[in-house]
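[1] Have a look; sequence and predicted model below, questions after that.
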Amino acid sequence: MSKDRPQELRDIVERIGQRPANPITRARQMVEQEVPVARRGPGWDRHWRELEAYLEVGVVWRDPAQTACVDPAGPEGETQTDKKRADPKTSP
């Protein structure tokens, strides 16, 4: 980058080139451009940090009542009819 541009402009161009790898961090940056600081709630920063951390660690959600991992896609071999919930009006 040439030195004839103002430092402020060079800083902006450098920040654009350093795009975070974490998509949650990128989303946070975009949202923070739109939401003024005065409108952000008390848990704003914690919320974003937790989301960023979950993605970085690769959290696998588990149901404490079950020993197996809860996969949103369901176990292999499970059919669509197996996934249906019982109707409380017709079930015993």
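    Cool, the structure landed. The structure presented is a predicted model; accordingly, all values stated were derived computationally and were not measured. Residues are numbered from 1 along each chain as shown.

[2] Outside of the helix or strand harbouring residue 53 itself, list whatever touches it.
    Per DSSP states H and E, residue 53 falls inside helix 44-57. Residues outside helix 44-57 that contact it (C-beta atoms under 8 Å, 6 or more residues apart in numbering): 22-25, 28. In this view, the C-beta of every residue, glycine as well, is placed from N, C-alpha and C.

[3] Adding secondary structure and neighbour count, write those residues out as CSV.
    CSV is the format used below for these (DSSP: H, G, I helix; E, B strand; the rest coil; neighbours: other C-beta atoms under 10 Å):
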residue, secondary structure, neighbour count
22, coil, 13
23, helix, 11
24, helix, 17
25, helix, 17
28, helix, 19
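
[4] Can you tell me which of these comes closest to residue 4?
    residue 25 (32.1 Å; C-beta to C-beta).

[5] Report pLDDT for the closest one.
    Predicted confidence (pLDDT) for residue 25: 89.

[6] and it, what does it touch?
    residue 52.

[7] Kindly reformat the contacts of helix 44-57 as a markdown table and extend each row with distance to residue 41.
    Compiled in a markdown table, these are given as follows (distance: C-beta to C-beta, whole Å):
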| residue | distance to residue 41 |
| --- | --- |
| 22 | 22 |
| 23 | 22 |
| 24 | 18 |
| 25 | 19 |
| 28 | 14 |
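
[8] Average pLDDT for the helix holding residue 53, rounded please.
    Per-residue pLDDT over helix 44-57 has a mean of 88.

[9] buried ones in it?
    48, 51-52 (16 or more other C-beta atoms under 10 Å).

[10] okay, the residues you listed in TSV with distance to residue 34 next?
    Output for the buried residues of helix 44-57, formatted as TSV (distance: C-beta to C-beta, whole Å):
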residue	distance to residue 34
48	14
51	17
52	18
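
[11] those strands in the chain, which residues are they?
    Counting by DSSP state E, the chain has no strands at all.

[12] how near is residue 20 to residue 48?
    Using C-beta to C-beta, to the nearest Å, one gets 12 Å for the distance from residue 20 to residue 48.
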